[in-house]
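Novice: Dropping the sequence and predicted coords here.
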Amino acid sequence: MRLERFTSKEDLYARAVDIIANAKNEGATTFGLATGGTMEPLYAEICDTNIDFTNCISFNLDEYVGLSAKHEQSYAFYMYKHLFHYKPFEKSYLPNGLADNPIEEATRYESLLQQHSLDFQLLGIGQNGHIGFNEPGTSFHSLTHLVTLEDSTRQANARFFDSIDEVPTQAFTMGIQSIMRAKSILLIAVGEAKRDVLERVLASEYTEDIPASILTKHPNVTILTDLQKGENEQ
């Protein structure tokens with residue numbers, strides 16, 4: 001695991017773009033993508049580059065259950081708005097939020113993932129340590145599945161909706177094992193709210209209570225953060 005600290009978000013996101021560009025230049029064609037406020041500056045930076053994804057495939061980490069791809073808070077809409085409209089991929093996969101049978105949809109999506117090995121996976125991290133929507137307590141052996149979102153996750157995402165009541169209670173997410181199959185992983189952690197959980201991951205506190213702690217077992221993970229060392233860190 002490689003950790004890189006930055007004093008400015010601008011430098012952090014510039015470095016993230018370089019990592020993604022280098023991965024593609026070195027042959028990566030299948031990218032796992034993430035959403036959320038952390039990723040918006042990254043996608044904005046990517047859209048200003050000459051990186052060409054038209055021969056690449058993307059898979060998104062997750063999608064809300066109950067929202068159509070045209071809903072402004074669906075992750076399908078987010079990806080089109082922030083990236084795909086400007087940087088289209090040959091094929092982009094996301095779970096179908098309106099699938100008649102969510103359990104079957106999760107199985108279908110996992111099957112697609114197993115047919116297309118991820119060369120590169122982009123991740124954020126939740127304040128409770130979730131990656132994707134894998135909440136604390138999720139098995140490290142989990143595959144793509146349906147999840148009931150914790151109240152803390154819904155509260156964190158409520159800023160994107162008119163009220164907490166509009167935030168879906170369930171979502172599809174790649175499983176932890178699904179994520180760990182990626183050949184390389186880039187995790188971006190910005191903001192003071194992520195300090196505690198990031199410190200616990202860096203301390204190798206390996207536990208399913210902190211889903212992101214599984215990353216300490218992956219052979220090729222880079223973490224970029226704007227958090228500087230705390231007083232108790234060496």
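Specialist: The structure has been received and is ready for your questions. Just so you know, these numbers come straight off a predicted model, no measurement behind them. Numbering: from 1, shown residues only.
Novice: Would you mind finding the longest helix in the protein?
Specialist: helix 9-25 (DSSP state H).
Novice: In that one, which of the residues would be classed as buried?
Specialist: Residues of helix 9-25 classed as buried by neighbour count (16 or more other Cβ atoms under 10 Å): 12-13, 15-17, 19-20, 23-24. For glycine as for every other residue, the C-beta is placed from the backbone atoms N, C-alpha and C.
Novice: what's the offset of it from the middle of its chain?
Specialist: Put simply, helix 9-25 sits 16 Å off its chain's centre (Cα atoms, centre = their mean, to the nearest Å).
Novice: go on, stretch 218-234?
Specialist: Remark: stretch 218-234 is offset 18 Å from the chain centroid, using Cα atoms, centre = their mean.
Novice: swap in stretch 191-206?
Specialist: Here stretch 191-206 shows a centroid-to-chain-centroid distance of 17 Å under the convention Cα atoms, centre = their mean.
Novice: ok, now stretch 155-174?
Specialist: The answer for stretch 155-174 is 16 Å, by Cα atoms, centre = their mean.
Novice: what residue ranges in this protein score low on pLDDT?
Specialist: Applying pLDDT under 70 to the chain flags residues 230-234.
Novice: which stretches of it form strands?
Specialist: With DSSP state E, the ranges of strands along the chain come out as 2-5, 30-33, 57-60, 62-64, 91-93, 120-123, 145-148, 170-173, 184-189, 221-225.
Novice: on that earlier part again, format the buried residues of helix 9-25 as CSV; extra columns: distance to N134.
Specialist: As requested, the buried residues of helix 9-25 are exported to CSV (distance: Cβ to Cβ, whole Å):
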residue, distance to N134
L12, 24
Y13, 25
R15, 26
A16, 22
V17, 26
I19, 23
I20, 22
A23, 23
K24, 26
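Novice: Show me which of these is closest to T107.
Specialist: Proximity of the buried residues of helix 9-25 to T107 (Cβ to Cβ) peaks at A23, which lies at 28.6 Å.
Novice: so where do the helices sit in this protein?
Specialist: Here the chain has its helices, by DSSP H, at 9-25, 40-47, 75-79, 102-115, 151-157, 176-180, 195-202.
Novice: So which of the ones you listed is nearest T222?
Specialist: With Cβ to Cβ, the closest approach to T222 among the helices of the chain belongs to helix 9-25: 6.4 Å.
Novice: what angle separates the closest one from strand 184-189?
Specialist: Inter-element angle recorded for helix 9-25 and strand 184-189: 170 degrees (by axes from the mean of the first three to the mean of the last three Cα atoms, to 10 degrees).
Novice: what's helix 9-25 in contact with?
Specialist: The contact list for helix 9-25 (Cβ atoms under 8 Å, 6 or more residues apart in numbering) reads 4, 6, 31, 41-42, 45-46, 49, 51, 53, 56, 119-120, 122, 184, 186, 188, 190, 222, 224-226.
Novice: can we see that at 6 Å?
Specialist: Outside helix 9-25, the residues within contact range by Cβ atoms under 6 Å, 6 or more residues apart in numbering are 6, 41-42, 45-46, 51, 120, 186, 224, 226.
Novice: my read: A182 touches L118, true?
Specialist: Yes: A182 lies in contact with L118 (Cβ atoms under 6 Å); the separation is 3.9 Å.
Novice: Please enumerate the shared neighbours of these two.
Specialist: Counting by Cβ under 6 Å, 6+ apart, the residues touching both A182 and L118 are G32.
Novice: So between those two, which is more surrounded?
Specialist: Legend: neighbour count by other Cβ atoms under 10 Å for A182 and L118, higher for A182 (25 against 22).
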